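Visitor: okay, predicted coordinates and the sequence, questions at the end:
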Amino acid sequence: MFIELLRVAGVRCVAQAELELSAGLNLVLGANGAGKTSLLEATYLISHGHSFRAGSRETLIGRGADGLQVFARVRHDEGGLVQRLGLERRAGTWSGRLDDRSLERLTDLFRACAVCCFEPGSHELVAGPAEERRAFLDWGVFHVEPEFLGQWRRYQGALKQRNALLKQDASDAELDAWDLELERWGTLITDHRARYLRTFHARFAEYASRLLPGLTDPGTRFLPGWEAGEGVGLAAQLRVVRDRDRQRQSTTVGPHRADWRPRYAGLGPQELSRGQAKLTALAAVLAQARAYRDHAGEWPVLLVDDLPSELDLDHQRLLLAELAASGAQALITATDLGPALAEVAASARLFHVEQGALRPAPPAAGAA
């Protein structure tokens, strides 16, 4: 898939912008603070409903604007299907449109356009809290397991009820009923995640081997949040930890506590250098994109924010070669072309951003 046309209004410093994008490489150049990252955020919003940067949703809305709007015209590989996607936030509320219909659930919008992103904070996928990795995992599962979202919502509903009962010091009989409900949906959720990670594991190992040849036996480890597959169901485990849960007034085991970890032979995630963590995160993003392609038959859109500052020259060239070979659409930001981007600029579409507005692209000096 690729985005043919992107319109953005009111996203941070971008008051109005319209980009006709190439199906291949798109380079967005500009000084720091010019608005180039905001254009990537807008693209990410249409697939995720939130930014890849920290902060509340309201901080996405530009100063003086009463809301934000993002529109994307997306062309799919299969049969050349074209879809029109719109997302708006106004008065604290999101609304979405797909073609000519308003959407009751924004997840219908997110399913229509898949976007993967590598950006300066991506190393947190390796070094950060489990919530980051769990959200990353569930985005992948969402796109390959149609039943997952509904099951996750039912699990969350049961979890909310159980936590409320824990705060009320409810009887064991009341908790037993919700423990069974958590087991019902939690088992299905865990099975979906484990199945997805088996595919992801192989792709991750492939990319990590190329990006980090000095580290051996790359792979992943799944931590389901409970002892899944050990012959004891989730309900029984919840019974065992019930006294602890009563004290904490919160459910301490289950899929809502799941995690996954990248691993290498003889080296734990916390022992990786910052540079190794970045490359490990890049391998994970590429593996997620590849897993999506394997399932959907088309690549997601790939975003790379501030490429020259995140990767050394050799890894910049390696990534650009991977993107070119895949045929995936990519939007890449940088303050200037630099050696690696100059080598591919002749085959890319260039955009230049100044103070939140698009300007004529600078000449691709040094392009090969």
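Guide: Received, thanks.
Visitor: residue contacts, residue 100?
Guide: By CB atoms under 8 Å, 6 or more residues apart in numbering, the contact list for residue 100 reads residue 84. (C-beta placed from N, C-alpha, C; glycine too.)
Visitor: that one and residue 222, how far apart?
Guide: Distance of residue 100 to residue 222, computed by CB to CB, to the nearest Å: 41 Å.
Visitor: please enumerate the helices of the protein.
Guide: Listed in chain order, the helices of the chain (DSSP state H) span 36-48, 107-112, 124-127, 130-144, 148-167, 172-211, 234-240, 242-248, 274-296, 307-310, 313-326, 338-344.
Visitor: using a markdown table, lay out these together with distance to residue 55 and mean pLDDT.
Guide: Below are the helices of the chain laid out as a markdown table (distance: least, CB to CB, whole Å; pLDDT from 0 to 100):
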| stretch | distance to residue 55 | mean pLDDT |
| --- | --- | --- |
| helix 36-48 | 10 | 95 |
| helix 107-112 | 20 | 94 |
| helix 124-127 | 14 | 91 |
| helix 130-144 | 15 | 96 |
| helix 148-167 | 24 | 98 |
| helix 172-211 | 28 | 96 |
| helix 234-240 | 35 | 95 |
| helix 242-248 | 29 | 97 |
| helix 274-296 | 20 | 96 |
| helix 307-310 | 20 | 92 |
| helix 313-326 | 27 | 95 |
| helix 338-344 | 28 | 96 |
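Visitor: using a markdown table, lay out those together with mean neighbour count.
Guide: Shown next, in a markdown table, are those (neighbours: other CB atoms under 10 Å):
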| stretch | mean neighbour count |
| --- | --- |
| helix 36-48 | 25 |
| helix 107-112 | 18 |
| helix 124-127 | 18 |
| helix 130-144 | 18 |
| helix 148-167 | 17 |
| helix 172-211 | 19 |
| helix 234-240 | 18 |
| helix 242-248 | 13 |
| helix 274-296 | 21 |
| helix 307-310 | 18 |
| helix 313-326 | 16 |
| helix 338-344 | 18 |
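Visitor: neighbours around residue 213, how many?
Guide: Neighbourhood size, residue 213 [other CB atoms under 10 Å]: 8.
Visitor: ah, wrong one, I meant residue 10
Guide: Residue 10 has 23 neighbours, counted by other CB under 10 Å.
Visitor: residues in contact with it?
Guide: Residue 10 sits next to 61-62, 65-69 when contact means CB under 8 Å, 6+ apart.
Visitor: how about residue 225?
Guide: 190, 253-259.
Visitor: report the buried members of these.
Guide: The neighbour count (16 or more other CB atoms under 10 Å) marks 190, 253-256, 258-259 as buried among the contacts of residue 225.
Visitor: let's have those residues in CSV, adding distance to residue 139.
Guide: As requested, the buried ones among the contacts of residue 225 are exported to CSV (distance: CB to CB, whole Å):
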residue, distance to residue 139
190, 17
253, 23
254, 20
255, 15
256, 16
258, 14
259, 15
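Visitor: so which of those residues are in strands?
Guide: residue 259 (DSSP state E).
Visitor: closest one of the buried ones among the contacts of residue 225 to residue 209?
Guide: Nearest to residue 209 among those: residue 259, at 23.0 Å, using CB to CB.
Visitor: partners of that closest one in the sheet?
Guide: residue 223 (DSSP bridges).
Visitor: I'd say it and residue 132 touch.
Guide: No. With contact defined as CB atoms under 8 Å, residue 259 does not reach residue 132; the gap is 9.7 Å.
Visitor: closest one to residue 351 among the helices of the chain?
Guide: Closest approach to residue 351 among the helices of the chain is made by helix 36-48 (8.0 Å; CB to CB).
Visitor: mind listing residues that contact stretch 173-185?
Guide: 151-152, 154-155, 158-159, 161-162, 165-166, 233-235, 238-239, 242, 251, 254.
Visitor: now residue 19, nearest residue through space, not along the chain?
Guide: Sequence neighbours aside, residue 6 is the residue nearest to residue 19 in space, at 4.7 Å (criterion: CB to CB, 6 or more residues apart in numbering).
Visitor: gap between that neighbour and residue 358?
Guide: Distance, residue 6 to residue 358, using CB to CB: 11 Å.
Visitor: residues shared between the contacts of the two?
Guide: When contacts are counted by CB under 8 Å, 6+ apart, residue 6 and residue 358 have 17-19 as shared neighbours.
Visitor: nearest to residue 41, of the residues you listed?
Guide: Nearest to residue 41 among these, with distances taken as CB to CB, is residue 17, at 12.0 Å.
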